[in-house]
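In: could you look at this predicted model? Sequence included:
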Amino acid sequence: MRFPLAKRYNPDRIPFMRMTYKARLSIVLAACLLAWPAMAQDSENEQNTRLMQFAANNEAFDGRVEETARDLFKRMIPDCAAIEQTVRQLPTRFGRMTFPKATVENRFPTPVYGVWAEHVKIKACNKIWAINMLGVSRTKGEPLLLALLPGDTLADPAAQHDAERVGSITIKKADSESCADDPHPSYTRMLGYKQADGTVGKMNAMQGWFEEWDYRFCQKTVPVQMAFLPNAKGTYDIKARVVPQTTPKTPEVKPVAATPAPATPLATPEGEKSVPEATPEATPAPDTAPATEKAAPEPAKPASPEAALQPSE
């Protein structure tokens, strides 16, 4: 099975630019509040609701998230400094979170335990970029914001760390002579979810997923395809393979034999007749046409994503 091509962002087709962060967050909160009686005993849903409420009602932290995202963008994407628009996305919770009891003065308090991901979309250089940060709660004071890999990766911080190492080892094995640099990931793209029949689709079938990561290595960009496959331990088996670089062949130009110039007849004295040169008889055409060049063999079809990828180490 062949990996699908990673689709680039098209700013004209990005719906988030037409619906603000606050508007989408209000829709999520409305749905959560309507289901509040059913959520009273569901701590997971309640934690998600408290996180959404904190994000929607803390303007100071909201501004800090967008400002931090702009600073990270300038460092991570140095070739594109002209930022046109910044839009905060819905946060993603990782594991258990604890919030203090709400009061009249502070109805939506800051979390005091737990981590989550903050996502910000940035429009710049006619593209849409995704900047991700890890929010770390503290018992006192505002949460910390730490940089995560940019792009659309679904991997949590622990899986990102493991995948970064697997991809780096895979690149060094494929090319150990270019330079002594260590490969570092620069951007991530989501390719699709693994389906029950082994294909790749848009629906999450709980079978894992595939991504493509760009690595900076020896002053060039090396794309690496990643597979995140769930295992019996509750984590992921991570496999990686370097995307082969296809360079088009330059057609060989065959030399053309030069056509000899016609012979000039010798001058004859007056009174003598010039004797025409004998014309050689035409050579009959051969019965069979010359053999044509053999067509280049068709490239071999790639194996399935799991077979093509190398096992993680």
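Out: Okay, I see it. Residues are numbered from 1 along each chain as shown.
In: C-alpha only now, for contacts and for neighbours.
Out: OK.
In: what is the neighbour count of the residue nearest to residue 191 when sequence neighbours are not counted?
Out: Spatial nearest neighbour of residue 191, excluding adjacent residues (Cα to Cα, 6 or more residues apart in numbering): residue 211 at 4.9 Å. Using other Cα atoms under 10 Å, residue 211 is surrounded by 23 other residues.
In: and the pLDDT for residue 211?
Out: Note on residue 211: pLDDT of 98.
In: that one against residue 193, yeah?
Out: No: contact criterion Cα atoms under 8 Å: residue 211 and residue 193 do not qualify, at 9.1 Å.
In: could you pull out the strands for this protein?
Out: Counting by DSSP state E, the chain has strands at residues 83-88, 92-98, 113-124, 127-136, 144-147, 184-194, 200-201, 209-217, 220-230, 236-242.
In: now the longest one and strand 92-98, what's the angle there?
Out: Relative orientation of strand 113-124 with respect to strand 92-98: 150 degrees, computed using axes from the mean of the first three to the mean of the last three Cα atoms, to 10 degrees.
In: swap in the fourth one?
Out: Relative orientation of strand 127-136 and strand 92-98, computed by the same axes, to 10 degrees: 20 degrees.
In: then the last one?
Out: Angle between the axes of strand 236-242 and strand 92-98 is 150 degrees (criterion: the same axes, to 10 degrees).
In: strand 236-242 packs against which elements?
Out: Using 3 or more Cα pairs under 8 Å, 6 or more residues apart in numbering; DSSP states H and E, the elements in contact with strand 236-242 are helix 157-174, strand 220-230.
In: same question for the second one.
Out: Using 3+ Cα pairs under 8 Å, 6+ apart as the contact definition, the elements that strand 92-98 packs against are helix 43-56, strand 113-124.
In: 6 Å instead, please
Out: Under the contact criterion of 3 or more Cα pairs under 6 Å, 6 or more residues apart in numbering; DSSP states H and E, strand 92-98 touches strand 113-124.
In: got the buried residues for the strand it packs on?
Out: 114-124 (16 or more other Cα atoms under 10 Å).
In: export these as a markdown table, with columns for pLDDT and distance to residue 99.
Out: What follows is these, written out as a markdown table (pLDDT from 0 to 100; distance: Cα to Cα, whole Å):
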| residue | pLDDT | distance to residue 99 |
| --- | --- | --- |
| 114 | 96 | 9 |
| 115 | 96 | 12 |
| 116 | 97 | 13 |
| 117 | 97 | 16 |
| 118 | 97 | 18 |
| 119 | 98 | 21 |
| 120 | 98 | 24 |
| 121 | 98 | 27 |
| 122 | 97 | 30 |
| 123 | 97 | 33 |
| 124 | 96 | 36 |
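In: output the helices and strands packed on strand 236-242 as JSON lines; include the columns distance to residue 100, mean pLDDT and mean neighbour count.
Out: Listed next are those as JSON lines, based on distance: least, Cα to Cα, whole Å; pLDDT from 0 to 100; neighbours: other Cα atoms under 10 Å:
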{"stretch": "helix 157-174", "distance to residue 100": "25", "mean pLDDT": "95", "mean neighbour count": "17"}
{"stretch": "strand 220-230", "distance to residue 100": "34", "mean pLDDT": "96", "mean neighbour count": "20"}
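In: appreciated, that's everything.
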